[in-house]
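Student: Fold the stuff below for me.
(one chain, ligands or ions: 2)
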Amino acid sequence: MLIAKLNQGKDGDETGISEGADEAQEVWPAPLASARLGARIALPGSKSLTGRELILAALAEGPGILRAPLHSRDSALMIDALRALGTGIDPIATPTERPFGADLRVTPAAELTGSTSVACGLAGTVMRFVPPVAALALGPVAFDGDAYARKRPMRPVLEALRALGADIADEGRGALPFTVHGAGSLRGGRVEIDASLSSQFVSGLLLSAPRFEEGVHVVHTGARLPSVPHIEMTIAALRARGVTVDAPAPGEWRVQPGPIRAIDTSIEPDLSNAAPFLAAAVAVGGSVTVPDWPTVTTQVGDQLRRLLPEFGAEVALGADGALTVTGDGTVRGVELHVPEAGELAPTLVGLAALADGPSRITGIGHIRHHETDRIAALVTEIRALGGDVEELEDGIAIRPATLHGGLWHSYADHRMATTGALIGLRVADVTIEDIASTGKTLPQFPEMWHRLLGIASPAAPDPFGLPGGGSIIL
Ligand SMILES: O=C(O)C1=C[C@@H](OP(=O)(O)O)[C@@H](O)[C@H](O)C1
Ligand SMILES: C=C(OP(=O)(O)O)C(=O)O
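Tutor: Numbers count the residues shown, from 1 in each chain. Ligands and ions are numbered 1, 2, ... in the order given. As a prediction, this is how the structure comes out:
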């Protein structure tokens with residue numbers, strides 16, 4: 001892999017950019033595209049589906065299998081968390097058709113056990129989905145995470161769980177660290193919650209709710225609700241396991257108590273991780289194809305089919321189930337209001353920074369609470385490359401500008417890193433600080449990005465073979 005060394009100086013520390021990182025940072029020279037693209041890129045499993053299915057399998061009435069799950073830092077943290085609570089999670093010998101890692105057999109614990117700790121890393125899904133599970137365990141479960149994870153909002157989750165009967169000790173900041181003192185069961189019932197900062201607050205409560213004595217009736221009280229497709233994904237995953245879920249009014253969900261069926265289930269490819277690869281075809285010109293695009297899905301990444309044409313791309317879903325995006329190398333400016341697609345926003349903003357007209361991307365205020373304040377981070381980094389960018393309260397406005405090379409900081413955020421790589425396809429001499437942050441959901445990113453451009457990568461010459469480098473954590 002092409003890696004250079006940079007001495008991250010005092011500046012990085014002062015801005016908090018290199019929080020928790022060593023003085024000597026590795027930087028990754030983003031490859032510049034020298035020709036139109038023509039690539040076929042298969043993607044590992046969805047982070048969001050893998051996380052949900054691991055939780056539901058751990059709470060199910062018998063053992064089940066997850067086929068083609070994601071193996072990444074976030075999924076490893078979820079696996080470790082559920083194992084710590086007594087769940088058996090075992091890799092099943094990887095057949096050749098599982099290029100991204102083993103299927104998993106999940107054996108629920110007879111009784112969930114506490115007196116343990118859960119490392120959340122920077123995974124929103126772990127810090128929001130596992131505490132309700134911990135409330136069902138017997139004994140204390142201590143939660144903590146990365147330095148930046150301690151800044152991500154948790155108060156609505158902690159207060160909702162307390163209202164449902166849980167005993168939780170925290171430091172009063174409404175954030176990690178905190179300890180859930182599980183009593184072996186939870187009453188459940190009706191609860192109000194303001195989920196305007198994250199849909200994950202709702203999904204976490206719904207996922208464990210079939211195991212609450214009274215199920216749950218969640219009533220969202222905030223003015224906005226971001227990432228609605230992710231709540232629909234949660235509901236679909238519950239229903240697929242025989243759980244009764246209804247939505248009696250907008251912003252209200254009810255889950256009936258009852259068994260969670262044990263099933264064998266296949267995880268779809270991660271369509272949000274497809275975003276930078278498909279956007280590359282728009283940025284550079286040429287075509288990028290992603291095989292196995294699901295025909296019906298709750299993944300928000302499916303919206304790339306309508307969003308990328310706004311930038312001037314052509315999108316075609318083939319009879320073989322492969323999605324192809326074709327661009328002519330020019331990028332149109334866009335007006336997008338995408339509260340449901342905050343997860344895609346960094347890629348959309350990156351494309352807009354390469355557009356030949358002005359853009360406004362709004363409705364994404366909540367992404368200030370993702371892995372980093374993504375609005376501030378995107379504005380800072382695009383501006384540092386010469387971009388003409390304005391921070392809006394709930395989005396970003398971008399005017400066309402000639403960009404130049406420079407160091408792109410990742411803020412430990414995988415989607416910041418991949419957005420820097422996207423811009424680097426068209427702008428010479430962009431280097432990415434902390435490309436390893438892509439391991440959060442796509443450890444193979446650097447090799448796959450090289451493959452997109454036809455560059456052989458010594459670290460993993462064939463990304464369709466078993467990825468190396470210790471990135472698959474089992
Ligand atoms: O439930 C999930 O799996 C997710 C929900 C969304 O969170 P927010 O509602 O905080 O945007 C999304 O951005 C995140 O990447 C994954
Ligand atoms: C917001 C994201 O992650 P998390 O699940 O940690 O919230 C993301 O992956 O874009």
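
Student: For the rest of this, base every contact and every neighbour count on C-alpha atoms.
Tutor: Fine.

Student: who in the stretch 101-250 of the chain is up against ligand 1?
Tutor: 125, 198-200, 226-227, 230 (Cα under 6 Å from any ligand atom).

Student: Of those residues, which belong to helices?
Tutor: Among these, the members falling in helices (DSSP state H) are 125, 200, 230.

Student: just those residues now: which is nearest His220?
Tutor: Nearest to His220, judged by Cα to Cα, of those is Gln200 at 12.1 Å.

Student: which residues sit in contact with that closest one?
Tutor: 124-125, 128-129, 230-231 (Cα atoms under 8 Å, 6 or more residues apart in numbering).

Student: isn't Val427 right up against Leu32?
Tutor: Yes: Val427 lies in contact with Leu32 (Cα atoms under 8 Å); the separation is 6.8 Å.

Student: Between those two, which is the more surrounded one?
Tutor: Val427 (21 against 18; other Cα atoms under 10 Å).

Student: any idea how far the more buried one lies from Ala352?
Tutor: Using Cα to Cα, to the nearest Å, one obtains 14 Å as the distance from Val427 to Ala352.

Student: likewise Ala76?
Tutor: Ala76 is 33 Å from Ala352, by Cα to Cα.

Student: secondary structure class for Arg254?
Tutor: Arg254 falls in the strand class when you classify it by DSSP: H, G, I helix; E, B strand; the rest coil.

Student: Same check on Val288?
Tutor: strand.

Student: ok, now which ones touch it?
Tutor: 37-41, 277-278, 280-281, 324-326.

Student: picking that back up, save the contacts of Gln200 as JSON lines, and put in pLDDT too.
Tutor: Converted to JSON lines, the contacts of Gln200 look like this (pLDDT from 0 to 100):
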{"residue": "Gly124", "pLDDT": "98"}
{"residue": "Thr125", "pLDDT": "98"}
{"residue": "Arg128", "pLDDT": "98"}
{"residue": "Phe129", "pLDDT": "99"}
{"residue": "His230", "pLDDT": "98"}
{"residue": "Ile231", "pLDDT": "98"}
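
Student: Check those one by one and keep those near ligand 2.
Tutor: 124-125.

Student: so which of the contacts of Gln200 comes closest to ligand 2?
Tutor: Among these, Gly124 lies closest to ligand 2 (Cα to the nearest ligand atom), at 3.5 Å.

Student: element containing Thr419?
Tutor: Using DSSP states H and E, Thr419 maps to helix 414-424.

Student: Ala76 and Ala352: who's more crowded?
Tutor: Between Ala76 and Ala352, counting by other Cα under 10 Å, Ala352 is the more crowded of the two (28 against 21).

Student: Now do the contacts for the more buried one.
Tutor: So Ala352 contacts 311, 331-334, 358-359, 398 (Cα under 8 Å, 6+ apart).

Student: Same check on Thr298?
Tutor: Contacts of Thr298 (Cα under 8 Å, 6+ apart): 229-230, 232-233, 236.

Student: the helices in the stretch 301-450 of the chain, which residues?
Tutor: Using DSSP state H, counting those that start in this stretch, the helices of the stretch 301-450 of the chain run over 304-307, 345-352, 374-384, 414-424, 445-452.

Student: State the mean pLDDT of the third one.
Tutor: The reference is to helix 374-384. On average, the pLDDT along helix 374-384 is 98.

Student: Residue numbers of the stretch 201-350 of the chain in contact with ligand 2?
Tutor: So the stretch 201-350 of the chain meets ligand 2 at Glu343 (Cα under 6 Å from any ligand atom).

Student: now do 8 Å
Tutor: With Cα under 8 Å from any ligand atom as the criterion, the stretch 201-350 of the chain meets ligand 2 at residues 342-344.

Student: Show only the entries of the residues you listed found in strands.
Tutor: Using DSSP state E to define strands, no part of these is located there.

Student: Format those as CSV; extra columns: neighbour count and pLDDT.
Tutor: CSV is the format used below for these (neighbours: other Cα atoms under 10 Å; pLDDT from 0 to 100):
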residue, neighbour count, pLDDT
Gly342, 24, 96
Glu343, 20, 97
Leu344, 23, 98
